[in-house]
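Engineer: Next one to model:
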Amino acid sequence: MLNVTFIQESPPLPPFTFKPAPLLIKDVPDLYLTLALPVIAYWGWGLMFFAFDTFNYFEHYRLHTPAEIRKRNLVPISSVVRCVLIQQSWQIALGLWFYSGPELTGQEDYDIAVWATRVRLVQRYVPSVFTAVGIDAVASARRIYPIFPAFAGFLSGGGKFFDASSDLNAPQDAKPTHLTWEIVLAKLIYHVVVPALQFGTAVFIGDAWQFWLHWASHQNSWIFSTNRPTQCWACTNGKIR
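Structural biologist: Modelled structure (predicted):
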């Protein structure tokens, strides 16, 4: 006779201890690397295209002819370099201002457990969803438990079943624990979904910063003369692009 027990509680969150994260490059503080890499990438990328223009590389792939580029880009290169250096100075200053100390690690397993707990809590709404469409999820879970124990726990609102009458590890299995699929999903959220959202947000803020700073320069006669919009090196036909 089956002595089926269902455990819905999540296990306690694991303890953690902070420790300094290893440096990406030996003897180079991550702060300096973080501030330097965007500047290096900008100038490396820009000089590459400057070389393309200077030596007419890949001319047949260009959207605009060299004559069109010379006609539109009336701002001297020295002015462009000066503006870029000013903006990158702001960028570095903000990076130093927001610096909050060396990066720490050691909390990863704790954060993954937090997401696994959230996944478990969301599952508590599953029976109500099935009930709304006329299905008794809990009764169905007990029927399919012997074949699909993990899915049975999902249908029951998150958790696990175990048979205390036949399982030699019953005392151990009776403890609250996360299922394997919950941990896998939590790792996916922690390592992929959250960083993707953070990166997308950073790109949006960075692009908005560039656009509105450029727009503001067109509104300020001291920074840029609106009577000569075609002289803006970042515009096309006098419009901000």
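Engineer: Return the set of buried residues in stretch 128-147.
Structural biologist: By 16 or more other Cβ atoms under 10 Å, the buried positions in stretch 128-147 come out as 130, 137-138, 140-142, 145. For glycine as for every other residue, the C-beta is placed from the backbone atoms N, C-alpha and C.
Engineer: Tell me the spacing between the residue nearest the centre of the chain and Thr201.
Structural biologist: Among the residues of the chain, the one closest to the centroid is Pro195, at 2.2 Å (Cα atoms, centre = their mean). Distance, Pro195 to Thr201, by Cβ to Cβ, to the nearest Å: 11 Å.
Engineer: and if you look at Tyr99?
Structural biologist: As for Tyr99, its distance to Thr201 is 20 Å (criterion: Cβ to Cβ).
Engineer: ok, which stretches of this structure are strands?
Structural biologist: According to DSSP state E, the chain carries its strands in the segments 4-7, 19-20, 104-105, 160-163, 235-236, 239-240.
Engineer: And this protein, what are its domain boundaries?
Structural biologist: Following automatic domain parsing, one finds the domains of the chain at 27-99, 125-178, 179-241.
Engineer: For Pro14, which of the ones you listed is the nearest?
Structural biologist: domain 125-178 (10.7 Å; Cβ to Cβ).
Engineer: Now that closest one: average pLDDT?
Structural biologist: What domain 125-178 shows for mean pLDDT is 81.
Engineer: got it, and stretch 33-50?
Structural biologist: Mean per-residue pLDDT for stretch 33-50: 93.
Engineer: got the contact list for it?
Structural biologist: Stretch 33-50 has contacts (Cβ atoms under 8 Å, 6 or more residues apart in numbering) with 24-25, 84, 88, 91-92, 95-96.
Engineer: Now with 10 Å, please.
Structural biologist: Around stretch 33-50, the neighbours that count as contacts under Cβ atoms under 10 Å, 6 or more residues apart in numbering are 23-25, 28-29, 54, 57, 77, 80-81, 84-85, 87-89, 91-96, 99, 103, 206.
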